[in-house]
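Visitor: compute the structure for the input listed below.
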Amino acid sequence: MRSKTAIVLALLGLVLLVLGIGQRTWWQPPATVTASVPAGTQSAPVTVVDAAVRSAHDGELKVTVNADGPMLLAVGRKGDVDAWVGSAAHLTVTGADQEFRTLTTSSVPGEASVPNPSGSDLWVSEQTGTGTLDYTWTAPADGDWSLLLASDGTAAAPTNISITAPNDNSTPWAVPLIVLGILALLAGVVLFLLARRRGEDDGARRRSGSSTGGTDGTGGTAGTLPATRPTGSTGSTAVAAGGDSPQAAPGSTEPGKATFSKRARVGAPAGALMATVALLVGVAPAGHAVTTPATDGAGSVSSEPAATPSDAPATATETATAAATAEKAAGQPVLLDTQFSRILDAVASAVSTADAAKDAGQLQDRVAGAALDVRSANYRIRSQVADYAAVVPVTSSRLLTRVIPADAAWPRTTMAVTQGDENPVPQLLTLVQVSPRDNYKLVGASPLLPGQTFPTMDANGPAPVPADDASDLQYSPAEALGGLGDVLNSTSSTWRDRLAPSPYIADVDSYQQDIVSASPDGSFGFTHISDPARIHALRTEDGGAIVVGQLTFTVDGTPKAEGAKLNVADDAAVFTGGKETSTGLNLTFTEPVVLYVPAAGSTGQLTLLSATRGLTGGSFK
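Guide: Numbering: from 1, shown residues only. Next up, the predicted model:
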């Protein structure tokens, strides 16, 4: 019987070994799988590979794009990519089939052409190629990231796209099967050897009994005796004549008491091996919970697997966690630090190049608003007045502070505080992106005033504040800028007590008084009016707001008497066309300002953080 069991175990072991080794070799799935866009898919000026393709797979994806000509692959946040595409016709790769062999797509009709997407500030990175482009797609940061593919915006975007993803080729049963196979094979060998030895011992006993047989003194026949059965035993034990099995202890007269000899112990490992095999067969595959089987009243064993986390319904905690994750994803900064630095470098480079050439045309791509007005006028003046001072340089070096909002709506406002080698004091730079297809432009550049400190902003990204919104603020941004203008208009302004003393306010007061004193034959009026279209505000950590604005400072002069004349300096003469007038004059200055507005209920005052002015126009009446 043992021989048959040994053969069965050995065969079972071989089968298990083949199964285990096969799972790790010829049956093992491939390490990667590749899906492609079907041939003949309709093209468009833009192709988008949606973030859903990336989020469906852990690890990096390999993207291969083929096209007849040059192509661009850009990486951006899903919302930014979608906003840039807008109403343009586009093809979107939305996912893949279950086997990850075919990429699924959708086509959206729309504009037949788009601007060239190359160089957009929305992209975290770009890669170009001709013919074939290979890209390793990993998430640059938290959030959802999409790919945008295009040629030049007018030609068709590539549609020959393949994506290679990691494949789950794990074989959790391979090692258990190999181990079980080895154990079963060993158990079969051990049982076979034991059965063979048992046969040899039985033959020896039979031969011994034949040679020593006879009658004893009572006429009985001498030979082997039946073994005594231990008390309470329900089975029988064959006792060998050699004494290597249970027998009465030497000197003992108690029936049923036996000692276990060496042969009984040799048989124990075989039972242990069988128990080990039975135990290992119950091992659950990786990823499943293993529970202790429960025995019912009839003695049967329940092997119902425990529910895995994926099988169980979501708990309240899990639901809350998912909601928090979604909220966090929705509040991601609109720019990564690397993007911000790249944009700031591009702005500083454009301004430096234009400054050197005194060419306002070279500012157009990266400068707008007050910053463009001041520099353009400065170039014009310097082209005629050799000793006229240049505007303070804009630099991206020594970045002291960056302000990156998390609100994804447009326009987007971001700020930087820098101080280069040629900046005597830190400079506040304000950049604005008007729409998804526009790049960030410098709209304000002004020095941090003496004694001022840039406020602490919300670390999670400051929220924008509408110009007319006074929620939780002492004043709305527009109202605060109007109050500043009133203070600069008149030394008797009622706003003077609401605004902290400022060296710039004192300088303006002095400058206006000097104009009056230097021109006794003229009557002068001064106005500082905020431009409502050029207000940008961001919430500070303490509930207040940073307000970036532009005031237009106008000097209106009229001679007091007929024949009296008013004179202007060389810089103003560039705009007026002459240096004196008997009819009157208007001079215009642009004042970029940055103001801090305290939170509602605060006892603090409005504070002018940064301000400067530049002559930007003039005329004679």
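Visitor: from memory residue 448 sits against residue 416, does it?
Guide: No: counting by C-beta atoms under 8 Å, residue 448 does not reach residue 416; the two are 11.8 Å apart. Quick note: C-beta positions are derived from backbone N, CA and C, even for glycine.
Visitor: joint contacts of those two?
Guide: residue 428 (C-beta atoms under 8 Å, 6 or more residues apart in numbering).
Visitor: these two: who's more crowded?
Guide: residue 416 (27 against 20; other C-beta atoms under 10 Å).
Visitor: for that one, phi and psi?
Guide: phi -140, psi 150 (degrees, to the nearest 10).
Visitor: again, but for residue 603
Guide: According to degrees, to the nearest 10, residue 603 has phi -90, psi 0.
Visitor: got it, and residue 37?
Guide: Dihedral angles (degrees, to the nearest 10) for residue 37: phi -70, psi 130.
Visitor: mind checking how far residue 444 is from residue 430?
Guide: 4 Å (C-beta to C-beta, to the nearest Å).
Visitor: what is in contact with these two at once?
Guide: 548, 594.
Visitor: and residue 71, bridged to which residues?
Guide: Counting by DSSP bridges, residue 71 is bridged to residue 129.
Visitor: next, count neighbours for it.
Guide: Neighbour tally, residue 71, other C-beta under 10 Å: 23.
Visitor: for the helix or strand containing residue 127, buried residues please.
Guide: Element membership for residue 127, per DSSP states H and E: strand 125-137. Neighbour counts over strand 125-137 (16 or more other C-beta atoms under 10 Å) mark 127, 129, 133, 135, 137 as buried.
Visitor: for these, name the two members farthest from one another.
Guide: Pairwise distances among the buried residues of strand 125-137 were taken by C-beta to C-beta; the largest, 14.6 Å, belongs to 129 and 137.
Visitor: tell me which stretches of the protein form helices.
Guide: 2-24, 51-55, 78-85, 174-212, 262-281, 316-330, 337-357, 369-382, 477-489, 503-518, 570-576 (DSSP state H).
Visitor: ranking those by mean pLDDT, which is last?
Guide: The minimum mean pLDDT among the helices of the chain belongs to helix 262-281 (a mean of 36).
Visitor: of the buried residues of strand 125-137, closest to residue 523?
Guide: Using C-beta to C-beta, the buried residues of strand 125-137 come closest to residue 523 at residue 127, 64.9 Å.
Visitor: who touches the closest one in this structure?
Guide: Residue 127 neighbours (C-beta under 8 Å, 6+ apart): 72, 73, 74, 133, 135.
Visitor: return the closest of those with respect to residue 546.
Guide: residue 74 (31.3 Å).
Visitor: isn't the closest one right up against residue 128?
Guide: No: counting by C-beta under 8 Å, residue 74 does not reach residue 128; the two are 9.6 Å apart.
Visitor: let's test this: name the helix or strand in this protein with the lowest mean pLDDT.
Guide: strand 301-302 (a mean of 31; mean pLDDT, DSSP states H and E).
Visitor: sorry, back to before: JSON lines for the buried residues of strand 125-137, including distance to residue 95 and pLDDT?
Guide: Formatted as JSON lines, these follow (distance: C-beta to C-beta, whole Å; pLDDT from 0 to 100):
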{"residue": "127", "distance to residue 95": "23", "pLDDT": "96"}
{"residue": "129", "distance to residue 95": "24", "pLDDT": "93"}
{"residue": "133", "distance to residue 95": "21", "pLDDT": "95"}
{"residue": "135", "distance to residue 95": "18", "pLDDT": "95"}
{"residue": "137", "distance to residue 95": "14", "pLDDT": "92"}
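Visitor: tell me the one among those residues nearest to residue 373.
Guide: For the buried residues of strand 125-137, the nearest to residue 373 is residue 127 (37.6 Å; C-beta to C-beta).
Visitor: distance of residue 472 from residue 540?
Guide: For residue 472, the distance to residue 540 - C-beta to C-beta - is 11 Å.
Visitor: also residue 393?
Guide: 28 Å.
Visitor: the two: which is more packed in?
Guide: residue 540 (21 against 15).
Visitor: quick one, what contacts that one?
Guide: Contacts of residue 540 by C-beta under 8 Å, 6+ apart are 455, 456, 457, 458, 462, 546, 596.
Visitor: that one bridge partners, please.
Guide: With DSSP bridges as the rule, residue 540 is bridged to residue 457.
Visitor: show me what contacts the closest residue to residue 360 other than its chain neighbours?
Guide: Spatial nearest neighbour of residue 360, excluding adjacent residues (C-beta to C-beta, 6 or more residues apart in numbering): residue 376 at 3.9 Å. With contacts defined as C-beta under 8 Å, 6+ apart, residue 376 is in contact with 360, 363, 616.
Visitor: now do the contacts for the last one.
Guide: The contact partners of residue 616, taken as C-beta under 8 Å, 6+ apart, are 373, 374, 376, 377, 588, 589, 590.
Visitor: one more: residue 555?
Guide: 512, 515, 524, 525, 526, 585, 586, 587, 588, 589 are the contacts of residue 555 under C-beta under 8 Å, 6+ apart.
Visitor: quick one: it and residue 194, what's the gap?
Guide: 116 Å.
Visitor: confirm for me that residue 96 is in contact with residue 104.
Guide: Yes: shown here, residue 96 and residue 104 form a contact pair, counting by C-beta under 8 Å, at 6.2 Å.
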